[in-house]
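J.: quick one, structure for this:
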Amino acid sequence: MDIGMIRGLGTLVVMVAFIGLALWVFSPKRKAEFDDATMLPFADDPKAVEQIEQENSAPGSKKA
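T.: This is a model prediction of the structure:
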């Protein structure tokens, strides 16, 4: 086993980890968790949270 084989296997491991992480992050099951995380900067401002929630619940708003 030479250095080229070791580097190739290392690249393969990193690629598999990247693909796994991307699938985990973009999983539809995590949407609710990410929606909560997007509100963290506004957690100490109740008026901002209320306004954003009203905008998201408006009839013409886009919900992904």
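J.: in what element of secondary structure is F34 found?
T.: Here F34 is covered by helix 31-38, with elements defined by DSSP states H and E.
J.: ok now that helix, how far from the chain's centre?
T.: Relative to the centre of its chain, helix 31-38 is centred 8 Å away, using C-alpha atoms, centre = their mean, to the nearest Å.
J.: what about I52, how many neighbours?
T.: 14 (other C-beta atoms under 10 Å). Yep, even glycine has a C-beta here, placed from its N, CA and C like the rest.
J.: can I get the strand or helix carrying L21 in PDB, CA atoms only?
T.: Using DSSP H and E, L21 maps to helix 3-25. Output of helix 3-25 as PDB, limited to C-alpha atoms (Å, rounded to 0.1, in the frame of the first residue of the first chain):
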ATOM      1  CA  ILE A   3       1.000   6.800  -0.400                       C
ATOM      2  CA  GLY A   4      -1.200   7.200  -3.500                       C
ATOM      3  CA  MET A   5      -3.600   4.500  -2.300                       C
ATOM      4  CA  ILE A   6      -3.800   6.000   1.200                       C
ATOM      5  CA  ARG A   7      -4.600   9.400  -0.200                       C
ATOM      6  CA  GLY A   8      -7.200   7.900  -2.500                       C
ATOM      7  CA  LEU A   9      -8.900   6.200   0.400                       C
ATOM      8  CA  GLY A  10      -8.700   9.400   2.400                       C
ATOM      9  CA  THR A  11     -10.400  11.300  -0.400                       C
ATOM     10  CA  LEU A  12     -13.100   8.600  -0.600                       C
ATOM     11  CA  VAL A  13     -13.800   8.800   3.100                       C
ATOM     12  CA  VAL A  14     -14.100  12.600   3.000                       C
ATOM     13  CA  MET A  15     -16.400  12.400  -0.100                       C
ATOM     14  CA  VAL A  16     -18.700   9.900   1.600                       C
ATOM     15  CA  ALA A  17     -18.800  12.000   4.800                       C
ATOM     16  CA  PHE A  18     -19.600  15.100   2.700                       C
ATOM     17  CA  ILE A  19     -22.400  13.400   0.900                       C
ATOM     18  CA  GLY A  20     -23.800  12.000   4.100                       C
ATOM     19  CA  LEU A  21     -23.700  15.400   5.800                       C
ATOM     20  CA  ALA A  22     -25.400  17.100   2.900                       C
ATOM     21  CA  LEU A  23     -28.200  14.500   2.900                       C
ATOM     22  CA  TRP A  24     -28.600  14.900   6.600                       C
ATOM     23  CA  VAL A  25     -28.700  18.700   6.500                       C
END
